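S.K.: Show me the folded form of this:
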Amino acid sequence: MKAEPMLEKWTANVNELLDTVLRAHGGLDLWSGLTKITARVSIRGPLWAAKGWPDALVKEIVEIDTRTERTVFSPFTEPNLRSIFEVGPERVTLESATGVVVEQRLDARAAFKGFLRSTPWDRLHLGYFVGYAFWNYLTTPFLFTYPGVEVREIEPWQEAGQTWRRLHVTFPKSIATHNPSHY
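M.R.: Now for the predicted structure:
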């Protein structure tokens with residue numbers, strides 16, 4: 001019973017906490033004026049080698065649409081190839097630099113069913129994963145204000161003598177993400 005009043009306090013503070021986070025990232029006014037983000041990235045690490053792509057992402061340009069889930073990586077696994085992740089319907093497409101479709105997978109998430117951590121990926125698996133993941137990474141925390149996303153403040157985290165406030169975020173099925181429920 002004692003936890004209930006505290007839960008009400010956390011729920012009442014969610015807008016204040018989310019507003020603080022959004023302001024720290026430039027604010028919703030700035031975000032609402034953006035339609036795309038472009039970044040040069042170098043993605044390395046043991047995961048890519050385990051999946052069969054150790055150096056595939058070391059020199060990439062990623063471009064995301066801020067209004068809808070769409071991500072383009074180029075060059076992608078080859079100098080004249082790009083990967084495009086989109087929703088509506090959810091798909092990953094590999095195109096030549098001139099726009100010719102080389103490969104495409106609809107319902108790309110379903111292709112991961114039954115995979116183990118050590119299972120290698122084909123190019124479409126890789127394109128799907130980095131496509132939705134980077135869209136999530138580069139739109140956070142503004143993504144938390146998108147339609148269907150539920151946000152609530154949860155109990156604080158204590159570590160090294162500090163208290164950290166936390167948000168619990170639940171994403172609708174319409175947003176591709178690692179896990180639909182995050183802390």
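S.K.: Strands of the protein, residue ranges please.
M.R.: If you assign secondary structure with DSSP state E, the strands in the chain sit at 36-41, 60-65, 70-74, 81-86, 91-96, 101-106, 150-159, 162-170, 181-182.
S.K.: how about CSV for the ones you listed, with distance to Gly52, mean neighbour count and mean pLDDT added?
M.R.: C-betas here are computed from N, CA, C, even on glycine. Formatted as CSV, the entries for those read as follows, by distance: least, Cβ to Cβ, whole Å; neighbours: other Cβ atoms under 10 Å; pLDDT from 0 to 100:
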stretch, distance to Gly52, mean neighbour count, mean pLDDT
strand 36-41, 19, 12, 96
strand 60-65, 17, 19, 97
strand 70-74, 17, 21, 97
strand 81-86, 15, 22, 97
strand 91-96, 16, 20, 97
strand 101-106, 16, 14, 96
strand 150-159, 36, 13, 93
strand 162-170, 31, 13, 94
strand 181-182, 28, 12, 68
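S.K.: right, and Cys82 touches Val62 too?
M.R.: You called it Cys, but residue 82 is Arg. No: using Cβ atoms under 8 Å, Arg82 and Val62 do not qualify as a contacting pair, with a distance of 10.4 Å.
S.K.: what residues are shared contacts of those two?
M.R.: Common contacts of Arg82 and Val62 (Cβ atoms under 8 Å, 6 or more residues apart in numbering): Val72, Phe73.
S.K.: what sits against the residue sitting nearest the centre point of the chain?
M.R.: Using Cα atoms, centre = their mean, the residue of the chain that lies closest to the mean C-alpha position is Asn136, 2.0 Å off. Neighbour list for Asn136: Leu143, Ile175, Ala176, Thr177, His178 [criterion: Cβ under 8 Å, 6+ apart].
S.K.: What is the lowest-pLDDT residue among the residues you listed?
M.R.: When the contacts of Asn136 are sorted by pLDDT, the bottom entry is His178 at 84.
S.K.: burial count for that one?
M.R.: 10 (other Cβ atoms under 10 Å).
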